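Enquirer: quick one, structure for this:
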Amino acid sequence: MLVAAAVCPSPPLLVPAVAAGAAPELDAVRAACADALGVLAAAGPEWLVVVGPAERDRRGEHPSGTAGSFRGFGVDLDVVLGEGPAAARAGAGESPGRELPASLAVAAWLLGDAHWAAAPVSGVGVGEPLDTERCLRTGQEIAARAGRVALLVMGDASACRSLKAPGYLDERAAGFDEEVARALRTADVAALKALDAELAYELKAAGRAPWQVLAGAAEGAGLGGELLYEDAPYGVGYLVAAWS
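Expert: Just a heads-up that it's a prediction; the model follows:
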């Protein structure tokens with residue numbers, strides 16, 4: 001059963017080493033993510049599942065100990081899902097198996113930075129094309145894995161909030177992001193289920209499928225929500241929320 005959830009954006013820029021000189025610009029987002037992780041820990045979960053968008057060859061299950069890397073972003077930094085910073089520095093890139101998708105690597109960094117030790121961790125990478133019904137089923141299956149399950153849900157809102165945004169300016173983006181923010185603030189499962197997958201794709205909202213996995217997991221859990229951060233730096237919607 002789902003007992004708590006945190007929703008965080010997934011840009012590699014959240015990792016200060018990747019952001020470099022621009023790192024202070026996202027300090028408020030990082031602080032909000034740390035607060036959201038605190039809510040997860042306080043819920044006393046038996047298992048934490050991280051869900052985030054993934055490329056085709058990195059979708060599916062990623063067990064604890066799976067390595068991730070930010071080398072593709074020009075930074076000699078490795079992380080390990082479910083292990084702290086010391087393990088990451090010790091050569092995470094040498095771990096066998098598939099590498100974490102970027103979103104789960106960011107989550108691994110957040111958990112390591114927070115010295116997460118509240119529960120075992122595993123990850124699930126979901127593809128952007130995953131339809132709503134399959135997202136909901138995935139969430140239901142995750143929630144049934146243990147008596148007390150927590151979710152860390154990674155994903156950005158639209159990438160079309162300004163002329164310099166990755167997807168250029170789309171007048172529909174602000175309204176889409178506002179509806180997602182409202183749903184996260186109020187833990188409105190029905191609203192997350194109702195998100196338009198085609199519109200989300202057009203707006204480059206990578207969080208749509210993970211949010212709908214959350215909707216499936218949270219159905220009937222009776223959780224309340226709190227929005228901890230809402231802004232669109234670089235023209236991309238970043239939202240941080242906590243449900244408990």
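Enquirer: drop to CA atoms for contacts and neighbour counts, all remaining ones
Expert: Noted.
Enquirer: neighbouring strands - and their directions - for the strand or helix carrying Gly52?
Expert: According to DSSP states H and E, Gly52 maps onto strand 47-53. If you go by DSSP bridges, strand 47-53 pairs up with strand 121-126 (parallel), strand 149-154 (parallel).
Enquirer: list the buried residues in stretch 14-31.
Expert: Across stretch 14-31, burial judged by 16 or more other CA atoms under 10 Å covers 14-19, 29-30.
Enquirer: neighbouring contacts of it?
Expert: 12-13, 70, 73-75, 106, 109, 229, 240 (CA atoms under 8 Å, 6 or more residues apart in numbering).
Enquirer: ends of it, how far apart?
Expert: Start and end residues of stretch 14-31 are separated by 10 Å (CA to CA, to the nearest Å).
Enquirer: how far does that stretch sit from the chain's center?
Expert: 16 Å (CA atoms, centre = their mean, to the nearest Å).
Enquirer: sorry, back to before: now, of the strands paired with strand 47-53, which is deepest in the fold?
Expert: Greatest average neighbour count among the strands paired with strand 47-53 goes to strand 149-154 (a mean of 28), per mean count of other CA atoms under 10 Å.
Enquirer: coming back round to it: mind putting the strands paired with strand 47-53 in CSV, distance to Ala197 included?
Expert: Output for those, formatted as CSV (distance: least, CA to CA, whole Å):
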stretch, distance to Ala197
strand 121-126, 14
strand 149-154, 17
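Enquirer: redo the ones you listed as TSV? Include mean pLDDT and distance to Gly225.
Expert: Shown next, in TSV, are the strands paired with strand 47-53 (pLDDT from 0 to 100; distance: least, CA to CA, whole Å):
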stretch	mean pLDDT	distance to Gly225
strand 121-126	97	22
strand 149-154	98	13
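Enquirer: dump the residue contacts of the residue most central in space within the chain.
Expert: By CA atoms, centre = their mean, the chain has its centre lying nearest to Met154, at 0.8 Å. Contacts were defined as CA under 8 Å, 6+ apart; by that measure Met154 touches 7-10, 50-53, 103-104, 107, 207, 210.
Enquirer: against Ala105, how distant is it?
Expert: Look at Met154 and Ala105: by CA to CA, they are 10 Å apart.
Enquirer: what's the answer for Val80, then?
Expert: 8 Å.
Enquirer: name the residues contacting each of the two.
Expert: Joint contacts of Val80 and Ala105 (CA under 8 Å, 6+ apart) are 67-68.
Enquirer: which one's more surrounded, these two?
Expert: Legend: neighbour count by other CA atoms under 10 Å for Val80 and Ala105, higher for Val80 (31 against 27).
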